[in-house]
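>>> Take this sequence and fold it.
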Amino acid sequence: MARFVLVHGAFGGAWCWEPVMARLRAAGHEAEAFDLPGAGADPTPVASITLSSYAERVCDVLEAGPPAVLTGQSMGGMAITQAAANRPGHVAALAYTSAWLPWPGMSLLDLTHEPEAAGDQVQANLTVDGDPPVARLDVNGALSAIYNCADPVRAREAAAKLGRQPVRPFTDPFTLPADRAEQFMALPRAYVSCLRDNAISPAMQRRMYTLAGCDPVIEIDTDHSPWLSATDELVAALDRIARTLA
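Numbering: from 1, shown residues only. Reported below is the predicted structural model:
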């Protein structure tokens with residue numbers, strides 16, 4: 001069975017993956033999640049948080065065990081892509097879950113400006129302030145943007161747990177080290193596409209997973225946070241990916 005390393009998205013923390021981890025373990029897999037720098041209970045100062053620091057944290061976790069099915073949701077897709085490019089030998093497969101999937105030189109912010117990404121409700125609902133800048137997504141914005149298919153009570157509970165999000169990782173581009181490019185490009189990769197996603201449109205998901213050569217692509221008729229709104233379907237998809245690719 002596979003080892004899953006699960007990386008959360010913007011505003012979230014390791015807590016997002018708790019329902020999925022329990023079910024993956026029940027299916028016989030190893031599963032672990034952790035807070036990215038500055039997220040959840042992690043005390044990293046905002047000024048030192050970058051896409052590179054996210055990737056370094058992911059690499060630290062990867063190096064503590066055997067090659068993993070590295071799984072990212074939303075902004076976590078940026079972090080796992082950079083981490084896999086830095087340490088391809090520690091990755092058995094990449095699994096993107098309604099996630100941003102950059103090509104070299106692209107930042108998350110760049111991706112949101114692509115035509116297929118129009119209508120992104122996270123960008124429409126967040127507020128940014130501070131120096132260095134920090135973004136916030138209030139409860140009502142989160143309900144509209146990322147939990148629009150979830151049980152209303154559970155969605156409101158999750159939305160209330162969202163934290164602040166440093167902006168710098170949104171603006172840092174994915175960089176592919178030349179000496180690891182061939183090994184990175186050879187990694188198997190899959191995509192779980194959410195068809196009622198208000199944060200990353202299905203059209204933008206399709207463009208990214210097509211350019212990246214993801215196979216399989218598994219569709220779920222739910223919102224941007226399938227770990228909450230379609231937990232069993234997401235676990236089944238991840239289990240399939242592990243059995244197929246890892």
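
>>> Lowest mean pLDDT among the helices and strands, pick that one out for the chain.
helix 121-125 (a mean of 94; mean pLDDT, DSSP states H and E).

>>> in that one, what's buried?
Within helix 121-125, the residues that qualify as buried are 121-123, 125, counting by 16 or more other CB atoms under 10 Å. C-beta coordinates here come from the backbone N, C-alpha and C atoms, glycine included.

>>> and if you look at stretch 131-151?
134-137, 139, 141-150.

>>> In those residues, find the pair that's most separated.
The largest separation in the buried residues of stretch 131-151, counting by CB to CB, is between V134 and C149 at 27.7 Å.

>>> thinking again about what came up before, which elements pack onto the least confident helix or strand of the chain?
Helix 121-125 makes packing contacts with helix 139-145 when contacts are defined by 3 or more CB pairs under 8 Å, 6 or more residues apart in numbering; DSSP states H and E.

>>> Now the element after the helix it packs on, going C-ward?
helix 152-161 (DSSP states H and E).

>>> could I have that next one exported to CSV, CA atoms only?
C-alpha atoms of helix 152-161 as CSV (Å, rounded to 0.1, in the frame of the first residue of the first chain):
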residue,chain,number,x,y,z
PRO,A,152,-24.0,23.8,5.6
VAL,A,153,-23.2,23.1,9.3
ARG,A,154,-19.9,21.4,8.6
ALA,A,155,-19.1,24.1,6.0
ARG,A,156,-19.6,26.9,8.4
GLU,A,157,-17.4,25.1,11.0
ALA,A,158,-14.6,24.7,8.5
ALA,A,159,-14.9,28.3,7.3
ALA,A,160,-14.6,29.6,10.8
LYS,A,161,-11.2,27.7,11.2
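
>>> State the mean pLDDT of the helix or strand just after that helix.
Sequence order places strand 165-166 as the next helix or strand after helix 152-161, per DSSP H and E. The pLDDT scores in strand 165-166 average 98.

>>> Can you give the contact residues for strand 165-166?
10-11, 38-39, 46, 49, 75, 126, 132-137 (CB atoms under 8 Å, 6 or more residues apart in numbering).

>>> List the neighbouring strands of the longest strand along the chain plus their orientation.
Longest strand in the chain, counting residues (DSSP state E): strand 91-99. Strand 91-99 has its sheet partners listed here by DSSP bridges as strand 68-74 (parallel), strand 189-194 (parallel).

>>> could those strands be laid out in TSV, adding mean pLDDT, distance to G213 and mean neighbour count?
As requested, the strands paired with strand 91-99 are exported to TSV (pLDDT from 0 to 100; distance: least, CB to CB, whole Å; neighbours: other CB atoms under 10 Å):
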stretch	mean pLDDT	distance to G213	mean neighbour count
strand 68-74	98	16	28
strand 189-194	98	7	26
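
>>> Out of these, which is closest to L238?
Nearest to L238 among the strands paired with strand 91-99 is strand 68-74; the distance by CB to CB comes to 6.6 Å.

>>> Return the set of buried residues in the helix or strand harbouring L111.
Element membership of L111, judged by DSSP H and E, is helix 108-112. Across helix 108-112, burial judged by 16+ other CB under 10 Å covers 108, 110-112.

>>> got the residue ranges for the strands in the chain?
Listed in chain order, the strands of the chain (DSSP E) span 3-7, 30-33, 68-74, 91-99, 127-129, 134-136, 165-166, 189-194, 217-220.

>>> mind putting those strands in a markdown table, distance to Y54 included?
Listed next are the strands of the chain as a markdown table, based on distance: least, CB to CB, whole Å:
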| stretch | distance to Y54 |
| --- | --- |
| strand 3-7 | 8 |
| strand 30-33 | 14 |
| strand 68-74 | 10 |
| strand 91-99 | 13 |
| strand 127-129 | 19 |
| strand 134-136 | 15 |
| strand 165-166 | 10 |
| strand 189-194 | 19 |
| strand 217-220 | 25 |
